[in-house]
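Novice: Here is the input, now give the coordinates:
(one chain, ligands or ions: 1)
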Amino acid sequence: MCGIIGICLRDRSQLPLGEALFRGLLRLEYRGYDSAGIAVIDSSRLHIVKGKGRLDELEARLGFTKKYTGETGIAHTRWATHGQPSDINAHPHVDCSGLFAVVHNGIIENYLEVKEKLESRGHVFKSETDTEVFVHLVEELYRELGDVYSAFKSAIKHIRGAYAILLITPIEPNKIFFAKKDSPLVVGIGSSYNLLASDIPALLDHTRRVVVIRDNWVGYITPSSVFVEDLERGFSVDHEQYAMTVLWSLEDASREGYPHFMLKEIYEQPRALVQTLSGLRSDAVLEQVVSLLVDADNIYITGAGTSYHASEYYAYAMSKLAGRLVIPFIASEYELYEETASNKDVLIAVSQSGETIDVLKAVRAFKKQGCRVVAISNVVDSAIPRESDYAIYMRAGPEIGVAATKTFLTQTLVLGFLAIAYAKSSGDLSEAEYRQILLEDIEGSVKVLGKVIEKVDALARRLVERLSGVKSMYYLSRGVGVPIAREGALKIKEIAYVHAEAYPAGESKHGPIALVEPGYPVVFIVPNDPLLERRILGNIMEMKARGAYSIGVLHEESPLVNSVDYSITVPSLHWVTTPITHTPFLQLLAYHLAVKRGLDPDKPRNLAKTVTVE
Ligand code: AGP
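Specialist: Numbers count the residues shown, from 1 in each chain. Okay, the predicted model is just below:
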């Protein structure tokens, strides 16, 4: 939640500072978009502009870019946690003296306690945010210590919680002070100036050399240097050792002519899956992970939202391909299994962002029990892979749309790959079967996916004409189709704001069917599996008998093609490929319905891409 950026120039002729900060915020807008603000140091004074609203509205209303120049500046785009979105609660926040300005991503857990102490010493608070305590704390400690960096470090020691914090002050106008714990922060090392940001795309206009800041690191950047120290261990860090060059381009993180990131990312899926496959083939960790899993007593898998759906798919695949029980659970419910996990068990933690706090907490709890942890993530060096014993990356490239699309397909590819590699290693799949699934079916599905997307896109657009006024829907399936149905329902809920529920089709008779009346849309996900197809047919008939409008996502040779009112056919391949072949239609249905209703699919209300609060 929240995106922050800071730029430290040698002199103002290098860049129009306000404009550069604003452009950086646009690249971070997916992290939060209810309010934003900028602070710059100009003529030895702090200048601040901030307000409630999206960046483009604020630019039109307040003019971030034109009026604000200088050499040093910080900026913030917010997703509210403490205090409503408002002009006053927007960051940056300043202290009583007006000498310090701060932007923060995260939560200061002990802010009430700190605030009380500061108020008793005469500090006056303007906002309802937790962040404001930090800037008053620096002011207080600066009075005592007489040195900005010492005051900043001491203030960090006084707070508990999660933070990526940037601070500027005209007392030391050519520095941006930073600290990080549990919220992401990256330094960008430019050729003649330096930067800080929550995420790499915000830096790519300026540089490709980055240092991912680790937990408990504090320091400052100047236009020509970076100083870092590890606050916990008490020594300075040679940041050069951690510097890396970003290989993907800014274009990878921009819309490339598509009207929305979500659509671009749906169409990008074939390319993303090719990258995932080639990464998996050369990943030395994979073999180690497979033998770890083979030797494990219990295998758990966890994730949130879409990543949980991918986890359920893995549990199904392991059961059917290798006869191995895998226990999937929603990350925020980790306490259910925490006590039973032991050092002979393995937890697979699935998270696109690698930062989801619920997943991180599950990882920490299971590690405490001695359990080994394997992370499946898209973001290299993010918190969850860093805290895990092994990490396998999805290599989907940056996903900017709030809705997970290409990362779901790449997650399920990684997990499907892991399941068949396990089944081969345990002797449940012969070499020939393994090659057939991997080379013919999985690779085959990736090869034809571009065409499939084009075809189902047209079908989704047509269906939206009929569904434009819909209020509620069901998504039903069985077996491997259940997590796909859940994913379809989540997409339409979060992007098109349509109430939708997903159930194993057999459950529909136990209550949900009561809502069905003539015209009620029910989407059936029909995997390529004769047994599941036969059973789903019964459920289609039950729904149709109550007047439901049945929509079927089926394979081309399915005998059920004529049993539904609206059919979407996809290639007939092994059921393992169901997420790849059946999900794009569900994503596109949600996308087109959102657009039809005048909604912005990239920025659904109340949601943020990365959920770093419990
Ligand atoms: C998916 O469309 C959602 N935006 C959300 O459910 C997401 O999958 C969830 O927050 C988990 O995120 P992660 O994969 O980054 O951990």
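Novice: OK, contacts around whatever residue of the chain ends up closest to the ligand?
Specialist: The ligand sits closest to Gly305 of the chain, with a gap of 1.8 Å, by C-beta to the nearest ligand atom. For glycine as for every other residue, the C-beta is placed from the backbone atoms N, C-alpha and C. For Gly305, the contacting residues are Ala404, Leu490, by C-beta atoms under 8 Å, 6 or more residues apart in numbering.
Novice: One more: Ser351?
Specialist: Contacts of Ser351 were listed using C-beta under 8 Å, 6+ apart, and they are Gly303, Ala304, Ser307, Val359, Ala375, Ile376, Ser377, Ser382, Ile384.
Novice: Tell me the spacing between the last one and Ser291.
Specialist: By that I understand Ile384. Noted for Ile384: a distance of 22 Å to Ser291, by C-beta to C-beta, to the nearest Å.
Novice: The first one now?
Specialist: As judged by C-beta to C-beta, Gly303 and Ser291 stand 23 Å apart.
Novice: quick one, which of the two is more surrounded?
Specialist: In this view Gly303 and Ser291 are compared by other C-beta atoms under 10 Å, and Gly303 has more residues nearby, 28 against 12.
Novice: The more buried one touches Tyr314, doesn't it?
Specialist: No - the pair Gly303 and Tyr314 does not pass the contact test of C-beta atoms under 8 Å, sitting 9.6 Å apart.
Novice: sorry, back to before: any chance of the backbone angles for the residue of the chain closest to the ligand?
Specialist: With angles defined as degrees, to the nearest 10, Gly305 sits at phi 50, psi -130.
Novice: Begin at 15, not 1, for the rest of this chat.
Specialist: Understood, numbering begins at 15; the last thing we discussed is Gly319.
Novice: pLDDT score assigned to it?
Specialist: At Gly319, the predicted lDDT confidence score is 98.
Novice: what's the answer for Ser482, then?
Specialist: With respect to pLDDT, Ser482 scores 88.
Novice: What are the neighbouring residues in contact with it?
Specialist: Contacts for Ser482 (C-beta under 8 Å, 6+ apart) come out as Leu607, Lys610, Arg611.
Novice: rerun at 10 Å
Specialist: Residues touching Ser482, when contacts are defined by C-beta atoms under 10 Å, 6 or more residues apart in numbering, comprise Ala510, His606, Leu607, Lys610, Arg611.
Novice: How about Cys22?
Specialist: Residues in contact with Cys22 (C-beta under 10 Å, 6+ apart) are 31, 55, 85-88, 182, 187-190, 204, 207-210, 234-240.
Novice: What's the PyMOL syntax to select whichever of these are buried?
Specialist: One line in PyMOL is enough to select the buried members of the contacts of Cys22, burial here meaning 16 or more other C-beta atoms under 10 Å:
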select buried, resi 31+55+85+86+87+88+182+187+188+189+190+204+207+208+209+210+234+235+236+237+240
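Novice: The contacts of Cys22: which ones sit near the ligand?
Specialist: Checking these against the ligand by C-beta under 6 Å from any ligand atom, not one of them is in range.
Novice: Can you show me the strands along the stretch 115-264 of the chain?
Specialist: Using DSSP state E, counting those that start in this stretch, the strands of the stretch 115-264 of the chain run over 115-122, 175-182, 190-195, 200-203, 208-211, 223-226, 231-235, 240-244, 249-251, 257-259.
Novice: want to throw the ones you listed into TSV with mean pLDDT?
Specialist: As requested, these are arranged in TSV below (pLDDT from 0 to 100):
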stretch	mean pLDDT
strand 115-122	92
strand 175-182	93
strand 190-195	96
strand 200-203	96
strand 208-211	98
strand 223-226	94
strand 231-235	98
strand 240-244	97
strand 249-251	93
strand 257-259	91
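Novice: May I see those arranged in JSON lines, with distance to Ala298 as well?
Specialist: Shown next, in JSON lines, are those (distance: least, C-beta to C-beta, whole Å):
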{"stretch": "strand 115-122", "distance to Ala298": "34"}
{"stretch": "strand 175-182", "distance to Ala298": "32"}
{"stretch": "strand 190-195", "distance to Ala298": "30"}
{"stretch": "strand 200-203", "distance to Ala298": "26"}
{"stretch": "strand 208-211", "distance to Ala298": "31"}
{"stretch": "strand 223-226", "distance to Ala298": "22"}
{"stretch": "strand 231-235", "distance to Ala298": "28"}
{"stretch": "strand 240-244", "distance to Ala298": "29"}
{"stretch": "strand 249-251", "distance to Ala298": "27"}
{"stretch": "strand 257-259", "distance to Ala298": "19"}
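Novice: Tyr580: which of these is closest?
Specialist: Across the strands of the stretch 115-264 of the chain, the minimum distance to Tyr580, taken as C-beta to C-beta, is reached by strand 115-122, at 44.0 Å.
Novice: quick one: strands adjacent to the closest one?
Specialist: Here the strand partners of strand 115-122, with direction, are listed using DSSP bridges: strand 107-108 (antiparallel), strand 175-182 (antiparallel).
Novice: The last one to strand 231-235, inter-axis angle?
Specialist: This points to strand 175-182. Angle between the axes of strand 175-182 and strand 231-235 is 20 degrees (criterion: axes from the mean of the first three to the mean of the last three C-alpha atoms, to 10 degrees).
Novice: send the alpha carbons of strand 175-182 over as PDB?
Specialist: Only the C-alpha atoms of strand 175-182 are listed here, as PDB (Å, rounded to 0.1, in the frame of the first residue of the first chain):
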ATOM      1  CA  GLY A 175       5.700  -1.600  12.700                       C
ATOM      2  CA  ALA A 176       6.200  -1.600   9.000                       C
ATOM      3  CA  TYR A 177       7.800   1.300   7.100                       C
ATOM      4  CA  ALA A 178       9.600   2.600   4.100                       C
ATOM      5  CA  ILE A 179      10.200   6.200   5.100                       C
ATOM      6  CA  LEU A 180      11.800   9.200   3.400                       C
ATOM      7  CA  LEU A 181      12.700  12.500   5.100                       C
ATOM      8  CA  ILE A 182      14.000  15.800   3.800                       C
END
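Novice: Work out the gap between that strand and the centre of the chain.
Specialist: 20 Å (C-alpha atoms, centre = their mean, to the nearest Å).
Novice: any idea how far stretch 111-118 is from the chain center?
Specialist: Averaging C-alpha coordinates over stretch 111-118 and over its chain gives two centres that are 29 Å apart (C-alpha atoms, centre = their mean).
Novice: Likewise for stretch 353-367?
Specialist: Going by C-alpha atoms, centre = their mean, the spacing between the C-alpha centre of stretch 353-367 and its chain's C-alpha centre is 19 Å.
Novice: Quick one: end-to-end length of that stretch, please.
Specialist: With C-alpha to C-alpha, to the nearest Å applied, stretch 353-367 spans 27 Å between its terminal residues.
Novice: Now do the same for Ala267: its pLDDT.
Specialist: pLDDT, Ala267: 68.
Novice: Sorry, wrong one. I was asking about Thr290.
Specialist: We note a pLDDT of 89 for Thr290 in this prediction.
Novice: Tell me which residues touch the nearest residue to Val116 once chain neighbours are set aside, please.
Specialist: Of all residues not flanking Val116 in the chain, Val149 sits nearest, at 4.3 Å (C-beta to C-beta, 6 or more residues apart in numbering). Applying C-beta under 10 Å, 6+ apart, one finds that Val149 lies in contact with 105-111, 113-118, 137, 139, 169, 179, 181, 183.
Novice: Give me the below-cutoff pLDDT ranges for this protein.
Specialist: Low-confidence segments of the chain, defined by pLDDT under 70: 15, 95, 265-267, 270.
Novice: Up against the ligand, what does it have?
Specialist: Among all residues of the chain, those adjacent to the ligand (criterion: C-beta under 6 Å from any ligand atom) are 318-321, 365-367, 370, 373, 416-418, 508, 624-625.
Novice: Who does the nearest residue to Arg228 once chain neighbours are set aside form a beta bridge with?
Specialist: Of all residues not flanking Arg228 in the chain, Lys194 sits nearest, at 7.2 Å (C-beta to C-beta, 6+ apart). Using DSSP bridges, the bridge partners assigned to Lys194 are Ala178, Trp231.
Novice: quick one: Lys194 and Ala211 touch, right?
Specialist: No - between Lys194 and Ala211 there is no contact, the gap being 11.8 Å when judged by C-beta atoms under 10 Å.
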